[in-house]
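> Build the 3D model from these lines:
(one chain, ligands or ions: 1)
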Amino acid sequence: MFHHFYDDIHPKGQGAISEKEFESILDYYQKNYNLLRANDWLLKAKARSLSERDVCITFDDCLKCQFDVAFPVLEKRNLTAFWFVYSSVLEGGAEVLEVYRYFRTVCYKDDIEDFYKDFFPFLYQSENSELIKEGLKGFIPEDYLKSQGFYSRNDRIFRYLRDRVLGKDLYNNSMDLFIELKGFNREEVLDLLWMDNENLKTLKSLDHIVGLHSHSHPTCIANLSYEKQKEEYRKNYNYLKDLLGVVPETVAHPCGSYNEDTLEVLKSLGVNIGFRANMSFPDRGGLEFPREDHINVLRRIEGENNSFYQQPY
Ligand SMILES: [Zn+2]
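Residues are numbered from 1 along each chain as shown. As a prediction, the model looks like this:
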């Protein structure tokens with residue numbers, strides 16, 4: 001499971017890898033596993049004939065850095081991959097989490113901890129200070145998002161405040177204020193962040209598989225009602241079907257979030273193959289295939305001295 005890449009144009013954010021690191025991950029999988037082209041993997045998955053060593057490559061979030069950095073490498077190796085795309089950004093929308101991440105990357109280049117040192121006091125003094133004080137009562141960072149071993153203590157506090165205490169609207173308002181305070185121009189970065197329709201058509205024409213990832217990429221889609229979830233996936237499904245002329249058959253759960261309603265919604269759309277965002281429980285197949293984060297793979301390859309840790313957002 002790949003997210004961010006960096007090169008001369010795309011800045012090196014937390015968890016981003018280079019072309020060279022991508023190559024070394026592919027080398028590792030080609031040496032130790034059966035690294036399959038996306039279509040071959042999908043056929044086997046549908047026939048339930050995957051062996052333990054059969055693996056595939058997936059990219060989440062429709063990111064331009066993936067197209068610019070990773071796609072040419074795949075072409076060179078005659079490999080294809082799954083690209084899980086949330087469609088709101090293709091309709092000219094901006095998914096603010098990605099903008100915020102970019103902001104953190106360019107304004108706090110050296111250490112994400114510097115961002116936390118700035119942002120936490122800002123939050124604690126904001127109009128939400130009471131809510132935050134309440135929300136953090138009894139909270140034990142080490143117990144939150146335990147399966148994501150690479151998160152720092154502050155990564156966990158940040159995500160907890162964002163996803164559980166503030167929620168989407170209050171968090172976004174806070175970040176918007178904070179970004180403005182720092183003089184960051186968000187309009188300038190939109191084209192750099194996401195692929196466009198033409199990029200996706202190129203991928204499709206070369207036998208890559210474009211799959212669902214919800215329309216607006218909620219951080220916790222499982223918290224939404226059945227109807228809201230259905231709307232998220234139906235919009236996403238219709239957009240990709242109209243753009244590419246094929247029916248989407250696969251999904252990656254955004255931020256790994258799903259529940260029984262999600263699975264029902266997906267099945268009603270004829271989507272039966274899907275991916276989680278971690279390896280926390282054994283392969284269940286169907287709509288719950290596990291995925292290994294590229295940072296964990298790099299760590300395995302390069303040893304524990306590696307200073308990377310993943311941070312999709
Ligand atoms: Zn995602």
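> drop to CA atoms for contacts and neighbour counts, all remaining ones
OK.
> and the top helix by length along the chain, what's its mean pLDDT?
Longest helix in the chain, counting residues (DSSP state H): helix 226-244. Helix 226-244 shows a mean pLDDT of 98.
> Which elements pack onto that helix?
helix 197-205, strand 209-212, helix 260-268 (3 or more Cα pairs under 8 Å, 6 or more residues apart in numbering; DSSP states H and E).
> highest average neighbour count across these?
For the helices and strands packed on helix 226-244, the largest average neighbour count (mean count of other Cα atoms under 10 Å) is found in strand 209-212, namely a mean of 28.
> Enumerate every residue touching Val251.
Going by Cα atoms under 8 Å, 6 or more residues apart in numbering, Val251 touches Phe84, Gly211, Leu212, His213, Val271, Ile273, Gly274, Phe275, Leu287.
> Swap in 10 Å and give it another go.
60, 82-85, 210-214, 233, 237, 266, 271-276, 287-288 (Cα atoms under 10 Å, 6 or more residues apart in numbering).
> how about it, secondary structure?
Put simply, Val251 is strand when judged by DSSP: H, G, I helix; E, B strand; the rest coil.
> Okay, Glu21 and Glu302: tell me how far apart.
Glu21 is 10 Å from Glu302, where distance means Cα to Cα, to the nearest Å.
> out of those two, which sits in the more crowded spot?
Each of Glu21 and Glu302 has its neighbours counted (other Cα atoms under 10 Å); Glu21 has more, 16 against 13.
> need the contact list for Glu187.
Glu187 neighbours (Cα under 10 Å, 6+ apart): Ala94, Val99.
> Distance check, it against the ion.
Distance, Glu187 to the ion, by Cα to the ion, to the nearest Å: 21 Å.
> Let's see the pLDDT reported for that residue.
As predicted, Glu187 sits at a pLDDT of 81.
> roughly how far apart are it and Asn172?
According to Cα to Cα, Glu187 stands 16 Å off from Asn172.
> Please apply the same query to Ser49.
44 Å.
> So which of the two has more stuff around it?
Of the pair Ser49 and Asn172, Asn172 is the one with more neighbours under other Cα under 10 Å, namely 16 against 11.
> you'd agree that one is in a helix?
Yes - the assignment for Asn172 (three-state DSSP) places it in a helix.
> ok, it touching Arg162?
Yes - the criterion here is Cα atoms under 10 Å, and Asn172 meets it with Arg162 at 8.8 Å.
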